[in-house]
Each structure stands twice: as C-alpha cells, then as structure tokens.
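Visitor: With the sequence up front, the predicted model follows.
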Amino acid sequence: MALNVAFRFFVIALTALSLSPCFASQWQTWHKTSDLEISFLTHESGINYIEVNARFHGVTVNALLNVLDDTDNAPKWLSRSRSVEAIARPTSAQAIVYTYFDSPWPVRDRDMLTHSCLSQLSEMQYRLDIVSTQRYHVPKSNALRISPVKGFWLLTQTPTELKVKHQIYANPNGSLPHWLINSTALKSIRSSFKALKTVLQNPKYHGLESYFVAGDCDDFS
C-alpha cells in the first residue's frame, strides 16, 4: 500500500489531523477546481496542515484502496517518490509502509515510515488513518526522516463517484525554510492527486476486492 501515501505520500509526502469546527474558518483555499480543492492551515511549527477534497467519478472505495496497495506503481502518481514498499502488515486492516523521496540537489533526500489502519464508519464511508512510526526496521539510507506524520483519508462512496477528504501534516525536518517546505508540499500534493485521477482510470484496479479489510482502529496510534 502506498499511502502514506500516501502523502504514502509529500507529500506527500504527505500530517493530518481531524480538526474541530472552531478551526474551520482558518483554512485557506490554495487551489480549487470542480473536482479538486486544496487548502492549508498554519501549524505552530510553521509547517502547514494540508487538506484535499477530491471527487473521482466512476471510482469505488476498493479501486482507490487497490491503487494505494499497489506500492510498485506508487511513483507513477505519488509526487517525488522514488520507491514505496509495504514492509509489514500487522493485520488485514493495517500496513507499515516505507517511502523514499527524491529531492533536487543540494537538498537532502527524505524518507518516511508510516503505519496505517482502515476502519469502516458506515455502510458507505471508510477512514484510513496514517501516523509515522519508528517500530520497524528499514533499509539504511542517508535520507532525512520525515517525522512526525499524521493524517487520514476519509472515503465516502456515492452511486456515481468517490468523495475523498485527505488531511496531512508531515514535517520534513532539516534546515529548509518553512515557506519553501509549504510551497513544495502544496504543489506536490496537487501533482499527486492529478496523477492519482489518471491512475484510477486503469481497469486493473476496478472490480477486485481490496487486500485491506476494515478493522478496529480505536487503539491505533
């Protein structure tokens, strides 16, 4: 699964929190089209929360989960990612994913280790929570670790389309200025979701049950 993305992604790289209604007015829209809206909210660290609201016509929850699970092909849609690998699956609802991101010279490459869990909120709604973790061994690299990461994908199925809300906060660490981090993250997540829309048109992701089976994520962290 690429998730972490997404944001296994920088995004996606891409950390996200479910925010209380009192913060809603502080979200600022950065990009908006008929099927994709990207907003940001400043965090006390100076690095933005990012929220994406997207609509995918003719797409199901299973199709999206199948894309996220296809880590070999994650670099086709996850911006700046060189490789994505599911290194463990503690349960059928969970995955541990290692993602490596390329950075332009002289910026140091980044990597990310995330733990995700899928839960079912209602008959037509699922939520995939994502947090950074240090509990699993990953290949040695000179990359700088993205941490903390915290986010979610909220998937709502309708008769004609899949509605996706994705929130993410990811701290790339290092000495890069916040304005550059925030600008790059917004552009990367926009690129990722545009590419994701294209990838979701591939028939191989449709008509198949996902490896993920929703489970209990109450104690997930």
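Guide: On my side now, so go ahead. Residues are numbered from 1 along each chain as shown.
Visitor: Just the element for the residue nearest to D102 when sequence neighbours are not counted, please.
Guide: Nearest residue to D102, sequence neighbours excluded (CB to CB, 6 or more residues apart in numbering): R82, at 4.9 Å. Placement of C-beta: from N, CA and C, glycine included. Mapping R82 onto the secondary structure by DSSP states H and E places it in strand 81-88.
Visitor: Give me the helices and strands touching that strand, please.
Guide: Helices and strands touching strand 81-88, by 3 or more CB pairs under 8 Å, 6 or more residues apart in numbering; DSSP states H and E, are strand 94-101.
Visitor: helix or strand right after the strand it packs on?
Guide: Next along from strand 94-101, by DSSP H and E: strand 110-122.
Visitor: Against which helices or strands is that following strand packed?
Guide: So strand 110-122, by 3+ CB pairs under 8 Å, 6+ apart, packs with strand 94-101, strand 125-132, strand 144-145.
Visitor: which parts of that strand are buried?
Guide: The neighbour-count check on strand 110-122 (16 or more other CB atoms under 10 Å) flags 110-120 as buried.
Visitor: wait, doesn't the residue nearest to D102 sit right on Y100?
Guide: Yes - counting by CB atoms under 8 Å, R82 does reach Y100; the two are 4.8 Å apart.
Visitor: one step back: out of the helices and strands packed on strand 110-122, which is the most enclosed?
Guide: strand 94-101 (a mean of 25; mean count of other CB atoms under 10 Å).
Visitor: Would you indicate which residues of the strand holding R82 are buried?
Guide: Quick answer for strand 81-88 (16+ other CB under 10 Å): 81, 84-86.
Visitor: Output it as PDB, nothing but the C-alphas.
Guide: This file holds the C-alpha atoms of strand 81-88, laid out as PDB (Å, rounded to 0.1, in the frame of the first residue of the first chain):
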ATOM      1  CA  SER A  81       8.600   9.300  -4.600                       C
ATOM      2  CA  ARG A  82      11.400   7.000  -5.800                       C
ATOM      3  CA  SER A  83      10.100   3.900  -4.100                       C
ATOM      4  CA  VAL A  84       7.300   2.700  -1.900                       C
ATOM      5  CA  GLU A  85       7.400  -0.600   0.000                       C
ATOM      6  CA  ALA A  86       4.900  -2.300   2.300                       C
ATOM      7  CA  ILE A  87       7.300  -3.900   4.800                       C
ATOM      8  CA  ALA A  88       4.800  -5.400   7.200                       C
END
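Visitor: Just checking: what are the partner strands of it?
Guide: When sheet partners are counted by DSSP bridges, strand 81-88 sits next to strand 94-101 (antiparallel).
Visitor: Check the offset of the partner strand from the chain's centre.
Guide: Chain-centre distance of strand 94-101: 11 Å, with CA atoms, centre = their mean, to the nearest Å.
Visitor: Centre of the chain to the longest helix belonging to the chain, how far?
Guide: Looking across the chain with DSSP state H, the single longest helix is helix 178-199. Relative to the chain's own centre, helix 178-199 is displaced by 11 Å; criterion: CA atoms, centre = their mean.
Visitor: Pull out the buried positions in it.
Guide: So, applying 16+ other CB under 10 Å, buried residues of helix 178-199: 181-182, 184-193, 196-197, 199.
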